[in-house]
Structures are given as structure tokens and as C-alpha cells.
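[1] Generate coordinates for the sequence data below:
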Amino acid sequence: MDRLRAFEVFVTVVARGSFTRAAEALDTSPANVTRYVNELEAHLGTRLLNRSSRKLSLTESGEALYERGRAILDEVAEAEAAASSASVQPRGRLRINAPLSFGILHLAPLWPRFMEAHPEVELDVSLGDRVVDLVEEGYDLAIRISRGGSTTHVARKLAASRNVVCASPAYLRRYGRPEVPADLGAHRCVRYTYAAMADEWHFTDEAGKVHVVKVSCVMHTNNGDTARAMALAGQGITWQPTFLIGEDLREGRLVALMPGYRLPDIDVLAIYPSRRHLSAKVRVMVDFLAEAFRGMPPWDRAGSKKRAG
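    Residues are numbered from 1 along each chain as shown. Next comes the predicted model:
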């Protein structure tokens, strides 16, 4: 059994949600896909997938192998791309999609450096918080802020960002300070529309216990800068990532609330459609961004540059 191929088949089955769709993606037959998965299960001596007529689900062993298998395939693809593209000059148009606020604050300052290093690459950067379909809409690369990664594309983690519940000093003087998540039910909250938590905010305390609170939102917005502006104006409590409000917290314009309770962190990811035949222009961009955000990200550094305004 070709174990690397078996890993690829298994990961594709999980990502695509069926043996048939995996076969189409891998340009093989459903019978071959089934054979590889069966042989992998026999080799490991454990069931990886629960199969039914309607859907597939991962066993505990399957979940563990899926995460490690994806990581192994990504590393192999990166090694292959580095070897095959080492002598290829990155050139041509590179279409990138990125979130609006993150793109303005943290990516825009990097583009001149990249273009200086790779003058034959033409950047086409589109900013917006809607999740685009890379293949359907013709993007080579997307930067996404996510907790779940991507089940359909290759994802490389560039950095992490903390989510922080915050309010302005003026708001706290007027309405008081929530001490525990349950207190938020009596406060004015501002919600970011694309957030998975919606109007139920999930916190974890220092003992690992999860607290879920239903909040009353005076505003919903699909833009993080708008939620930040509302909080700065003393109009409500919001939660935002430190890449957006880190400087506000350091300067005291916003105050972090309930330090004993954490929201889930989020990852900054580079997403691209395929790990095979990765173009030189995509490879050098992903490597460039990974290097730019290496170590502690700029938004969590105490001496980072102040945001204008």
C-alpha cells in the first residue's frame, strides 16, 4: 500500500464529504477510493470512518489521523513546491483576497516590500469580509481569519490573534463594568455579523468551564472597524481581535473586560486551492507572509506602531 497516497485519499474523502466526490477530485474511480480507505483501516487496525447511506462521520481515530494527515500532506507539498520551483522566477498576476480591516492595517504595509523583492509579480488585491470561492471567483490566494481552518483548500497558519471583550472608559462609567459573562445580559452589545457565535457569546473560565450568555445587541455590523468605532464612542460592549484593537487597549481607549474569562482565539491563515503544482508566485507570497508574521504578531507587541487617529 502506498501510504502517502492512502493519506491523500482519506483526507480528500473527509474534505469532500463523500467517496464519489473524492474520486472526482483525485481523478480516479470510487472503487479505488474505497480500496485505499479500506487498506488504510486494515493497516492501522482501526475504523476511521462511520459510513451510512446519507453521510460520513469520523471516528475518534479518524479525527486524529485527519489532522495529522493534512499536516503531513501540506509539508510534502511545500517540499515538492520548493524543489520544483526553486529555479522558476515568480511572475505574472497574483489575485489575493483578504479581510477588509486586516488587509488595510497589516497587509497593505507589506506589499511594497514584496513588490520590491519580486518585481515581476503583479498584485491584484481585493478586500472584503465575505468568504469568497477561490476557484469559482479566480483567486490564487486568500487570507482568512478563522478558528476552523479550511476543509476544502490548503491552509497555512501565519499568526494567531486573541479575541477580547472590551468597552470604553466612558461606557463603563455610565453603565458599569460586567464582572462575569452573565452580567452581559444587562448591557448594550455590538455584534460582528460574520462571527460564528452570533448573539450567544461563549467564554471559558480558568477552570476550563464554558459559559454561554445571550446578549442584547444594539447594533449588528459586518465590519469590525464599525464595531470598534461604536465601542470607542461609548455606545456599547463588543468583542474584537487584538489585530484590530490591540493599540486601543494599550493606550487605554478601550478596556479589556472579565480577564478571568477567555473567548476562543482565532488564526490568520493563508488559503490556496491545491497543494499540487503550486505556482512560484503563490509559494513566494505565502513564505513572505509567514516570515513577516513570524514570532509574536505585531498587534500583540507592546512597542508596535500606534494606529493613526
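
[2] what ranges do the strands span in the stretch 101-250 of the chain?
    For the stretch 101-250 of the chain, applying DSSP state E, counting those that start in this stretch gives strands covering 121-127, 141-146, 154-161, 163-167, 188-192, 200-205, 210-214, 216-221, 237-241.

[3] Which residues belonging to the helix or strand where L289 lies are considered buried?
    Using DSSP states H and E, L289 sits within helix 280-292. Buried residues in helix 280-292, counted by 16 or more other C-beta atoms under 10 Å: 280-286, 288-289, 292. Any C-beta I mention is one placed from the backbone N, CA and C, and that applies to glycine too.

[4] likewise stretch 133-142?
    134, 139-142.

[5] Can you name the two of these that sit furthest apart?
    Greatest spatial distance among the buried residues of stretch 133-142 (C-beta to C-beta): D140 and A142, at 8.7 Å.

[6] So for the two, which residues contact both of them?
    Both D140 and A142 are contacted by 96, 134, 272, under the criterion C-beta atoms under 8 Å, 6 or more residues apart in numbering.

[7] What is the nearest of these to E251?
    The nearest member of those to E251, counting by C-beta to C-beta, is I96 at 30.7 Å.

[8] Quick check: that closest one is in a strand.
    Yes. Under DSSP: H, G, I helix; E, B strand; the rest coil, I96 sits within a strand.

[9] Tell me, what's the model's pLDDT at it?
    pLDDT recorded at I96 is 96.

[10] I'd guessed it sits against R144; true?
    No. Applying C-beta atoms under 8 Å, one finds I96 not in contact with R144, separated by 11.4 Å.

[11] what angle separates the lowest-mean-pLDDT helix or strand in the chain from strand 154-161?
    Least confident helix or strand, the chain: helix 60-85 with a mean of 77, by mean pLDDT, DSSP states H and E. Angle of helix 60-85 versus strand 154-161, following axes from the mean of the first three to the mean of the last three C-alpha atoms, to 10 degrees, is 100 degrees.

[12] Tell me how far helix 60-85 lies from the chain's centre.
    18 Å (C-alpha atoms, centre = their mean, to the nearest Å).

[13] which helices and strands sit right next to it?
    Where contact means 3 or more C-beta pairs under 8 Å, 6 or more residues apart in numbering; DSSP states H and E, helix 60-85 is packed against helix 3-16, strand 154-161, helix 280-292.

[14] Could you list the buried residues of the very next helix or strand once past the first one?
    Read that as helix 3-16. Using DSSP H and E, the helix or strand that follows helix 3-16 in sequence is helix 19-26. Neighbour counts over helix 19-26 (16+ other C-beta under 10 Å) mark 19, 22-23, 25-26 as buried.

[15] helix or strand right after helix 19-26?
    From helix 19-26, the next helix or strand downstream (DSSP H and E) is helix 30-44.

[16] got the buried residues for that following helix?
    Those would be 33-34, 36-37, 40-41, for helix 30-44 by 16+ other C-beta under 10 Å.

[17] which outside residues touch that helix?
    1, 3, 5-7, 9-10, 12-13, 19-20, 22-23, 26, 47-49, 61, 65.
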